[in-house]
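Visitor: Predicted model and sequence follow; I will ask about them next.
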Amino acid sequence: MLELRYVLGRFGDLLAGRVGVLLVVLVTGIVLARLAGAYVGVTARTAEILLGYTVLAAGAAVGLRGWARLTAWAVLLGGAAASLSHPAYHVVVLAHLHNLVPLVFLWDWSRRLATPGRWAFRAVQVGWVLVVPAAILLGAVDRWVHPGSGVVTGLVGDGSAVVAASAWPGTPELAVRMLVGFAFLQTMHYVVWVWFMPRAAPEVTAAFEARWPALTSRRVWAIGLGLGVLLAALLLGDYGQGRTVYAALASYHAYLEFPVLLALLARPSRWRLR
């Protein structure tokens with residue numbers, strides 16, 4: 001909820017009108033495909049992949065121009081072919097890439113800082129987004145983690161369901177490392193959106209509330225906390241079902257970011273914070 005509030009407050013002009021309606025319709029299709037995945041399997045996964053790349057193609061149409069747009073479409077076409085050929089990898093890659101998204105938004109936010117502080121701030125962000133996960137994947141924390149240990153065992157038996165959700169299929173030697181890296185980046189993801197951005201960019205919250213006055217800060221927090229409680233109950237009662245519902249709802253903030261990221265990376269000066 002807080003991430004959506006930031007994206008819509010910061011880039012509301014980009015996602016307004018017919019563009020916004022189209023993206024919401026496409027992402028809603030992804031949500032339905034994820035919810036149906038447990039029942040129709042491969043067909044729903046294929047639908048999600050096709051809709052996901054359609055969102056990206058639409059984002060390229062909105063955020064890019066000329067050769068940049070054509071290049072993006074060509075890359076997306078190749079990516080779609082790879083995803084359809086290896087659908088199990090598609091979901092894992094998407095989940096991990098989403099955890100890197102805060103780096104772009106933090107980089108954008110840091111434009112307001114003076115030059116020495118700006119580069120120091122950016123260096124810290126690169127450290128936790130890229131350097132720490134790389135160290136984890138290389139085995140830096142192996143002595144403290146191992147399969148079937150700790151809270152994971154207590155919640156979901158031997159922990160295999162949690163590991164499988166974030167690891168490459170068929171690579172057990174990397175599975176736990178990928179889970180730890182994923183958990184670290186997800187934790188930092190919440191630090192960024194729940195703690196840092198609401199304090200560091202109050203003007204974005206103000207812009208959001210000016211556009212949607214009924215969604216005050218208190219109501220946004222209430223909705224987010226309420227959904228969190230419901231999801232926690234689902235996860236504790238049936239981890240697989242809870243994860244399916246969470247993944248479906250998370251599609252909105254994950255996929256709506258893509259057009260914004262393309263526009264921000266292609267034309268940063270247009271979206272400079274004022």
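Guide: Received, thanks. Numbers count the residues shown, from 1 in each chain.

Visitor: and whichever helix in the chain runs longest, how far from the chain's centre?
Guide: Longest helix of the chain, by residue count under DSSP state H: helix 239-266. How far helix 239-266 lies from its chain's middle: 5 Å, per CA atoms, centre = their mean, to the nearest Å.

Visitor: contacting residues around L103?
Guide: L103 is in contact with 125-126, 129-130, counting by CB atoms under 8 Å, 6 or more residues apart in numbering. (Glycine included, C-beta is placed from N, CA and C.)

Visitor: out of the residues you listed, which are inside helices?
Guide: 125-126.

Visitor: nearest to Y190, of the contacts of L103?
Guide: V129 (14.0 Å; CB to CB).

Visitor: Give the closest residue to that closest one in space, chain neighbours not counted.
Guide: L103 (4.4 Å; CB to CB, 6 or more residues apart in numbering).

Visitor: Kindly state the pLDDT recorded for the one you found?
Guide: On pLDDT, L103 comes in at 92.

Visitor: for the one 4 residues further on, same thing?
Guide: You'll see W107 listed with a pLDDT of 91.

Visitor: Any figure for the gap between it and L76?
Guide: W107 is 23 Å from L76, where distance means CB to CB, to the nearest Å.

Visitor: what do you get for R118?
Guide: R118 is 32 Å from L76, by CB to CB.

Visitor: neighbour-wise, which of those two wins?
Guide: L76 (18 against 15; other CB atoms under 10 Å).

Visitor: three-state assignment of that one?
Guide: Secondary structure assignment for L76 (DSSP: H, G, I helix; E, B strand; the rest coil): helix.

Visitor: List the residues that contact R211.
Guide: R211 makes contacts with 8-9, 12, as judged by CB under 8 Å, 6+ apart.

Visitor: Fine, thanks again, bye for now.
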